[in-house]
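# got a structure for you, letters missing:
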């Protein structure tokens, strides 16, 4: 369904980034469904790390809670994902390794302009996102508290932890170890570096239980080595290396309190959120463990944690497992029915 929708572009001229750098950007997005007369049925569904609008379909459909017959759905592509403005599609002098840091806050500010200037939207019924999509949902709720009614943040925190920052730095080092890297000025994609990064990532993404319970067999792989060879070895070949690295930096810098309003006070930022918040960590997620969501929820006015009891690690709630998806849909249903 999604791949047949018209991809549109919203131009942001002289857009001031959080870094104060001024750039021209294009925000690519899908918008479809039925917008009601008072524009009260808007669902925003941001993309994830290394993902595009094409990976978002698992939560949308007539058999899902986010039904385009009932809601107006907007899917904005994150900057640096190769569809919206990215290192790989920018003209000089912002191309390749010269691309500036774009934060989650910058992404949300651009999305805000899209909703205001193109659709004249005042309220968002629901923002739902997984992983970096969940980070954007969290950022929205803190940055525009009067506009956001509900969020579901799956496998996402309000601030990237020190542990995850270090993990991501390892991924950055793995990719840039390729001899073709040339400080980002490569003539050919550094695919050996992408493979090294992916192989390191493989043990983290799905987690120990997925391997211990041999769920890879259920998912079509005979052995853990086959998981590496068939799933992970070439998983990033279609992505540009500078795009992947730019999104790592975006992830590392995520912090809803890192701005002039909250000045690094995370508790204050969490307490400012007025939306109904459902945090849905995976029980075995190595990037976003439930403990941090449980701590965050203490400061949310209307927040709760619904742990996904999944053996799919970080991929809990990402559409890989029917039981996980059913739980996510039930939480979305509860919010949308209020």
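Everything's here; your move. Since the structure is predicted, the reported quantities are computational estimates derived from the model, not experimental observations. Numbering: from 1, shown residues only.
# so the protein: which segments form each domain?
The chain breaks down by automatic domain parsing into domains covering 2-160+255-336, 164-247.
# and among those domains, the most buried is which?
Neighbour counts (mean count of other Cβ atoms under 10 Å) averaged over each of these peak at domain 2-160+255-336, with a mean of 20. C-beta coordinates here come from the backbone N, C-alpha and C atoms, glycine included.
# end to end, how far does that domain reach?
Using Cα to Cα, to the nearest Å, the end-to-end distance of domain 2-160+255-336 comes out at 22 Å.
# can you redo the domains of the chain as CSV with mean pLDDT?
Converted to CSV, the domains of the chain look like this (pLDDT from 0 to 100):
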stretch, mean pLDDT
domain 2-160+255-336, 97
domain 164-247, 97
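# for residue 221, which non-adjacent residue is closest in space?
Using Cβ to Cβ, 6 or more residues apart in numbering and skipping residues adjacent in sequence, the residue nearest residue 221 is residue 227, 4.7 Å away.
# report the separation between the one you found and residue 210.
From residue 227 across to residue 210, the span is 9 Å (Cβ to Cβ, to the nearest Å).
# so what's in contact with the two at the same time?
Common neighbours of residue 227 and residue 210, using Cβ atoms under 8 Å, 6 or more residues apart in numbering, are residue 216.
# go ahead and confirm residue 62 touches residue 69.
Yes: contact status for residue 62 versus residue 69: in contact at 6.5 Å, counting by Cβ atoms under 8 Å.
# return the residues in contact with the residue nearest to residue 221.
Residue 227 sits next to 202, 216, 221 when contact means Cβ under 8 Å, 6+ apart.
# likewise residue 148?
Residue 148 neighbours (Cβ under 8 Å, 6+ apart): 124, 127, 140-141, 274-275.
# pretty sure residue 315 contacts residue 205?
Yes: between residue 315 and residue 205 there is a contact at 6.5 Å, judged by Cβ under 8 Å.
# state which strand of the protein is the longest.
The residue-count maximum for a strand in the chain (DSSP state E) belongs to strand 22-33.
# what does that strand rub up against?
2, 5-17, 43, 53, 68-77, 79, 83-85, 94, 100, 110-111, 114, 119.
# sorry, back to before: part of a helix, is the residue nearest to residue 221?
Yes: counting by DSSP: H, G, I helix; E, B strand; the rest coil, residue 227 falls inside a helix.
# distance check, it against residue 205.
Residue 227 sits 10 Å away from residue 205, going by Cβ to Cβ.
# so residue 68 makes contact with residue 43?
No: the criterion here is Cβ under 8 Å, and residue 68 misses it with residue 43 at 9.2 Å.
# what's the most distant pair in the contacts of residue 148?
Pairwise distances across these (Cβ to Cβ) peak at 13.0 Å, for the pair 127 and 274.
# what do those two both touch?
The contact sets of residue 127 and residue 274 overlap at 141, 148 (Cβ under 8 Å, 6+ apart).
# all helices of the protein, in order?
Ranges of helices in the chain, per DSSP state H, are 104-117, 132-143, 162-176, 191-205, 207-212, 215-218, 224-226, 241-252, 266-271, 290-297, 322-336.
# which one of those helices lies nearest to residue 150?
The nearest among the helices of the chain, by Cβ to Cβ, is helix 322-336 at 4.3 Å.
# figure out how far that closest one is from the centre of its chain.
Chain-centre distance of helix 322-336: 18 Å, with Cα atoms, centre = their mean, to the nearest Å.
# can you check stretch 267-279 too?
On Cα atoms, centre = their mean, the centre of stretch 267-279 falls 18 Å from that of its chain.
# quick one: terminal-to-terminal distance for it?
One end of stretch 267-279 sits 16 Å from the other (Cα to Cα).
# check the gap between residue 99 and residue 277 for me.
Relative to residue 277, residue 99 is positioned 32 Å away (Cβ to Cβ).
# what of residue 126?
Applying Cβ to Cβ to residue 126 and residue 277 gives a distance of 11 Å.
# spit out the residues that contact these two alike.
Residues touching both residue 126 and residue 277 by Cβ under 8 Å, 6+ apart: 150-151.
# how close does residue 9 sit to residue 230?
Distance check for residue 9 against residue 230: by Cβ to Cβ, it reads 35 Å.
# sorry, slip of the keys, the one I care about is residue 216.
Separation of residue 216 from residue 230 (Cβ to Cβ): 10 Å.
# can you check residue 196 too?
If you go by Cβ to Cβ, the gap between residue 196 and residue 230 works out to 17 Å.
# contacting residues around residue 47?
Contacts for residue 47 (Cβ under 8 Å, 6+ apart) come out as 53, 55-56, 75-78, 81, 132-133.
# which of the residues you listed lies closest to residue 236?
Nearest to residue 236, judged by Cβ to Cβ, of the contacts of residue 47 is residue 81 at 12.3 Å.
# can I assume the closest one is in contact with residue 246?
No: counting by Cβ under 8 Å, residue 81 stays clear of residue 246, with 9.2 Å between them.
# so residue 120 is in contact with residue 39, correct?
Yes: counting by Cβ under 8 Å, residue 39 is a contact partner of residue 120 at 7.3 Å.
# and the closest residue to residue 156 other than its chain neighbours, what is it in contact with?
The shortest distance from residue 156 to any non-neighbouring residue, by Cβ to Cβ, 6+ apart, is to residue 134 (2.6 Å). Residues counted as contacts of residue 134 (Cβ under 8 Å, 6+ apart) are 152-156.
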